[in-house]
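Chemist: take a look and give me a structure for this.
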Amino acid sequence: PNSKLTKKILAMPNEGLCRRCTEKIEWRKKYRKYKPLRVPGSCNYCRKKAVTAAYHVACRPCAQDKAICAWCCKTWKALEKAEAAAAAGGSGSG
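Modeler: Residues are numbered from 1 along each chain as shown. Model prediction:
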């Protein structure tokens with residue numbers, strides 16, 4: 001479990017992701033399910049081979065320009081509204 005690859009994976013930062021996607025990536029790292037990309041993937045917006053992080057579908061520039069999460073592609077405004085609604089509503093379990 002303490003290989004060079006594992007240490008490299010655990011040291012990788014999660015940037016440009018919403019809270020939920022960050023938690024999913026952290027879960028994958030914690031339980032050794034994270035598979036890093038071997039070759040860059042293509043961005044869903046600019047179609048360039050610029051996606052260097054695993055599980056991302058948008059490159060950093062496109063995600064920043066469009067103000068979206070690089071994995072789920074939801075806008076930051078929509079995510080903020082959803083979190084505010086969840087916080088205001090509380091847990092609906094009864």
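Chemist: how near is Tyr55 to Ala86?
Modeler: According to CB to CB, to the nearest Å, Tyr55 stands 23 Å off from Ala86. No exception for glycine: its C-beta is placed from N, CA and C like everyone else's.
Chemist: among the two, which residue is more densely surrounded?
Modeler: Shown here are Tyr55 and Ala86; by other CB atoms under 10 Å, Tyr55 has more neighbours (19 against 11).
Chemist: with adjacent residues omitted, what lies nearest to that one?
Modeler: Distance criterion CB to CB, 6 or more residues apart in numbering; nearest residue to Tyr55, sequence neighbours excluded, is Trp71 at 5.5 Å.
Chemist: and if you look at Cys72?
Modeler: Going by CB to CB, 6+ apart, Cys72 has Cys21 as its nearest residue, at 5.6 Å.
Chemist: check that neighbour and give its pLDDT.
Modeler: Residue-level confidence at Cys21 comes out at 95, pLDDT.
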